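Chemist: Provided below for reference: sequence and predicted model.
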Amino acid sequence: MIEMPSLVDQCCHGVLRTELGLGTFEARLAEGPPAAGTTSFDTQTGFAVRRWCPPLLGLEPHCAPARYLARRRELGVLEAGRRLLRGSGVTTFLVDTGLPDDLTGPAELAATADADAREIVRLEPLAEQVADTSGTVDAFLANLAESVHGAAANAVAFAAAGHAVAPEPPDAGEVRGAAGRWLAGRRAGDALRDSVLLRHLLWIALASGRPLQLRVGGELPVDFIRTTTGLGTDLVLLHAYPRHREAARLAAVYPHVYVDCGTAFPHTGARAAAVLAETLEQAPFGKALYASGARALPELHLVAARLFQEAVTRVFGGWVAEGAWSVGDAQRVAGMLASGNARRVYGL
Amino acid sequence: MIEMPSLVDQCCHGVLRTELGLGTFEARLAEGPPAAGTTSFDTQTGFAVRRWCPPLLGLEPHCAPARYLARRRELGVLEAGRRLLRGSGVTTFLVDTGLPDDLTGPAELAATADADAREIVRLEPLAEQVADTSGTVDAFLANLAESVHGAAANAVAFAAAGHAVAPEPPDAGEVRGAAGRWLAGRRAGDALRDSVLLRHLLWIALASGRPLQLRVGGELPVDFIRTTTGLGTDLVLLHAYPRHREAARLAAVYPHVYVDCGTAFPHTGARAAAVLAETLEQAPFGKALYASGARALPELHLVAARLFQEAVTRVFGGWVAEGAWSVGDAQRVAGMLASGNARRVYGL
Amino acid sequence: MIEMPSLVDQCCHGVLRTELGLGTFEARLAEGPPAAGTTSFDTQTGFAVRRWCPPLLGLEPHCAPARYLARRRELGVLEAGRRLLRGSGVTTFLVDTGLPDDLTGPAELAATADADAREIVRLEPLAEQVADTSGTVDAFLANLAESVHGAAANAVAFAAAGHAVAPEPPDAGEVRGAAGRWLAGRRAGDALRDSVLLRHLLWIALASGRPLQLRVGGELPVDFIRTTTGLGTDLVLLHAYPRHREAARLAAVYPHVYVDCGTAFPHTGARAAAVLAETLEQAPFGKALYASGARALPELHLVAARLFQEAVTRVFGGWVAEGAWSVGDAQRVAGMLASGNARRVYGL
């Protein structure tokens, strides 16, 4: 029997402060809107929420969505969030604050969850804020560098989109040209999508030495990984599913590459054990870190944590039963994935 | 215990009317010819046929291929087909009639199987027939549009090759140029492979509003999916294995995208449960539809159906036993995959 | 209960002759160096070695690495190697001798293991040796062809890197140009990386008729496979994990394509059964061949063999228990994968 240690969630977001109805809750369960005649409750995510969350609100598992949401509103969003977040077993949340939604920040999340929280700074919105307040290309580029280095003083890591990244840093001329074009055509609030500036941002962040979380979305930046080897900055690949095996392989080959085990679980629900086992085929056990990727709904923080704990228990328990692993090793690796690796990588 | 509802096979083909020997039967089991010293009976397909089919012909499971084929000839191709198709539990077959083989059409398949059948029109052969009877580019293009729209009146869906499709419709000049070149160089009966004309066909079909089945063969038309969002026509991805997880993810993100669960099963045999479970990691339960993809041999229709039923029972039964799903949800989702989703998507 | 036949390891390398400490042993367990704060013993490879090897040296499974290595040195590298290699159940080793490491050759490996061994000739080092001793482009090209054909007389197969191979043979002018540039810029001992010369080598080897082992490293040479169909030379895809399902599919479609089942196992450890089952979804049973890919450490030869045997027993045993396979078929297919297919393909 594996004893589950407390968790560090190395990548999540805050939660909504507003009461939710059936439709507004459903909209947060899935990445896309449901097709006509279907509901996003009919997904692994929906079933996992209905399995794990109702008992924390005093209901039976698998009760109907409408009943769950009625009870949630009855308790109020704060009390429901408190029960769900505190039930997750997470003692430290690393919170990516760069989403456009109006979500609780690290301090508020920590208070609700009775846990610690640290900030992860997302690079794109940082650049957008700098653009909003910089009058010239020179000012923008100087402020950008300063902002990233300033953020590095407090943030525990940086985060950015990491798919289709060209391997080399852009040269100064390219950067100036791209900045000029972007600033000239931009209205306040416009999102950054220019690939030269995104790359420039990544290389500024790399120089800070803080771990850099890359959302890879199924497309792995192999060449970028190759050119950043030996710089001394760690890369953490997030959201690699369904290419989690390829991501794990990169973690095996490159010393500075790490992978998450967890962000897929709220999506894959009952299949968390299978996805965890696949990740651990090649990922060195010191290079895989729990993360929920949860945003907006504290249900997702809870579901990810419970699925992770259950998957570890089932997968490692199976290997111990077969004689493939010793029970001591299983317990030790559980602790590494749950929190030990994150504490080491992020210097917590 | 999941009770298995009757099935709608949303993509299959007819069966051969001729008696088959060991060699002619073996040739229909695999996509390629066997290597020297091997036989296509030594595959998951061959083993699945030997497991499920002999009992319907009064033989022991796993009897030798020669014995099975002798008994099949003894009964005759019609009676063997009747037993196998009626044993499948399929009550509605959607039949893609565009294969060059001489196979039974929907009406004949329906009669043999004592079931309903509807036609799916494959776009490439439709265009080839139009080319055979059109004298000029203008006539060809006009007849093509008319033919597709005419087919839409009776067909339940369209089907086409869907890998490596460029995302945008070709413009009128491109289409005229491609049609001119193709018609000029073409002999009657020649197959359509021109990518501009194929794309043109897809966009005519999209305008009809009928669901469009895309055979993706492991390569997913992500950009085409993106540009067809919001047009009101559903895309059903078929034969995505071994990229079924990526296909399922597209079904989760795009409201108009659906995936099959079944066409891989005759190929992967004993592994159907694993493949089904992977598909259902991300596919919304309202977006996955049973299909056999079976052609020529009624054994393949039977095998796909039995493997699907067994996989659903095993996978869903496991989730219910673990507490991950409620038994009511499991039963409900089984019905959606087996027939409910197909009835809704194809308006049956 | 599946009875395990003796094995042909269709792709491995020799072992080191030197005594190893904790650090030098650890360096051979992984492809990349461990990150700070981690050890390569904390991988599926490390855990599999600690599971299977200590008992052969008179220790408990899962004992600490330091204890294992102390006992290994106490016995001496020769005696430890003898116990491990003889414990593997391999009766014939096909040894790729083209690694730069100083490893035992086929004869020495055979003597240590009390088994047979045959040589596989790696094409790149062969070309490098020819370059070291050829004064002119003409001499180099003539000697290259002669060397490959000479090697074919004794070697049981050729081996080469097989990812990103262009599909067509380069023409004579391209080859002369590439050879001239490579020889002019080259110092003795320099490795061959020119893609034109590598392709030229592949096509010389194809003409020999000997099976050609391609290390595909997760990237499959689909176009090369297409253009080499029907030439009469077999291609064996090695190290395809995590694209083993795609590789298996190619083996199903192309008669001259074979896949390994085994080289992933020392990496994926406790997950060998899952990886084997995935490979056998589409690979025809006459087209999958055991291989360890083991190099330098006899522990890896042992671990691959034990994991293969255990995986076959578990996977096939499961299918027999479910009724999906007959026990006779399971036993027969086990023999095909273990040695029968290799004996046929390599003419042993």
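Modeler: Great, that's in hand. Everything numeric in this text was worked out from a predicted model, so none of it was measured.

Chemist: contacts only, for the residue in the stretch 1-150 of chain A that chain B sits nearest to.
Modeler: Scanning the stretch 1-150 of chain A for the residue nearest chain B gives residue A:38, at 3.1 Å (criterion: Cβ to the nearest Cβ). (Each C-beta comes from the backbone N, C-alpha and C, glycine too.) Contact partners of residue A:38, counting by Cβ atoms under 8 Å, 6 or more residues apart in numbering or on different chains, are B:284-287.

Chemist: what parts of the stretch 151-300 of chain A come near chain B?
Modeler: Contacts of the stretch 151-300 of chain A with chain B, taken as Cβ under 8 Å from any Cβ of the partner chain, map to A:218, A:241-242, A:264, A:267-271, A:274-275.

Chemist: nearest to residue A:65, of those residues?
Modeler: Distance to residue A:65 across those (Cβ to Cβ) is lowest for residue A:269, with 15.0 Å.

Chemist: for the closest residue to residue A:166 other than its chain neighbours, give its distance to residue A:232.
Modeler: Closest residue in space to residue A:166, ignoring its immediate chain neighbours: residue A:199 at 5.9 Å, by Cβ to Cβ, 6 or more residues apart in numbering or on different chains. Residue A:199 is 19 Å from residue A:232, where distance means Cβ to Cβ, to the nearest Å.

Chemist: counting neighbours, go ahead and name the busier of these two.
Modeler: The neighbour comparison of residue A:199 against residue A:232 (other Cβ atoms under 10 Å in any protein chain shown) goes to residue A:199, with 21 against 10.

Chemist: figure out the helix or strand that that one lives in.
Modeler: Residue A:199 belongs to helix A:195-208 when elements are defined using DSSP states H and E.

Chemist: would you agree residue A:287 is in contact with residue C:35?
Modeler: Yes. Residue A:287 lies in contact with residue C:35 (Cβ atoms under 8 Å); the separation is 6.5 Å.

Chemist: higher neighbour count, those two?
Modeler: Each of residue A:287 and residue C:35 has its neighbours counted (other Cβ under 10 Å); residue A:287 has more, 29 against 21.

Chemist: list the contacts of that one.
Modeler: Shown in contact with residue A:287 (Cβ under 8 Å, 6+ apart): A:251-252, A:257-259, A:341, C:35, C:38.

Chemist: tell me the one of those residues nearest chain B?
Modeler: Nearest to chain B out of those is residue A:259 (Cβ to the nearest Cβ; 16.8 Å).

Chemist: tell me the SS of the closest one?
Modeler: Classification of residue A:259 by DSSP: H, G, I helix; E, B strand; the rest coil places it in strand.

Chemist: thought it was touching residue A:237?
Modeler: Yes. The pair residue A:259 and residue A:237 passes the contact test of Cβ under 8 Å, sitting 5.1 Å apart.

Chemist: now for the two: what residues contact both?
Modeler: The contact sets of residue A:259 and residue A:237 overlap at A:247, A:250-251 (Cβ under 8 Å, 6+ apart).

Chemist: all strands for chain A, in order.
Modeler: For chain A, the strands defined by DSSP state E occupy A:7-12, A:90-96, A:116-122, A:157-161, A:212-215, A:235-238, A:257-261, A:288-290.

Chemist: report the rounded mean pLDDT for the fifth one.
Modeler: I take that to be strand A:212-215. For strand A:212-215, the mean per-residue pLDDT is 97.

Chemist: repeat for the last one
Modeler: For strand A:288-290, mean pLDDT is 98.

Chemist: list the contacts of it.
Modeler: By Cβ under 8 Å, 6+ apart, the residues outside strand A:288-290 that reach it are A:7-10, A:236, A:248, A:251, A:258-262, A:279-280, A:308, A:336-339, A:341-342, A:345.

Chemist: repeat that for 7 Å
Modeler: A:7-10, A:236, A:258-262, A:279-280, A:308, A:337-338, A:341-342, A:345 (Cβ atoms under 7 Å, 6 or more residues apart in numbering or on different chains).

Chemist: rewinding a little: dump the residue contacts of the residue nearest to residue A:166.
Modeler: By Cβ under 7 Å, 6+ apart, the contact list for residue A:199 reads A:165-166, A:169-170.

Chemist: list the contacts of residue A:280.
Modeler: Residue A:280 touches residue A:288, counting by Cβ under 7 Å, 6+ apart.

Chemist: run the last query once more with 6 Å
Modeler: Listed by Cβ atoms under 6 Å, 6 or more residues apart in numbering or on different chains, residue A:280 has no contact partners.

Chemist: likewise for residue A:348?
Modeler: Neighbours of residue A:348 in contact, by Cβ under 6 Å, 6+ apart: none.
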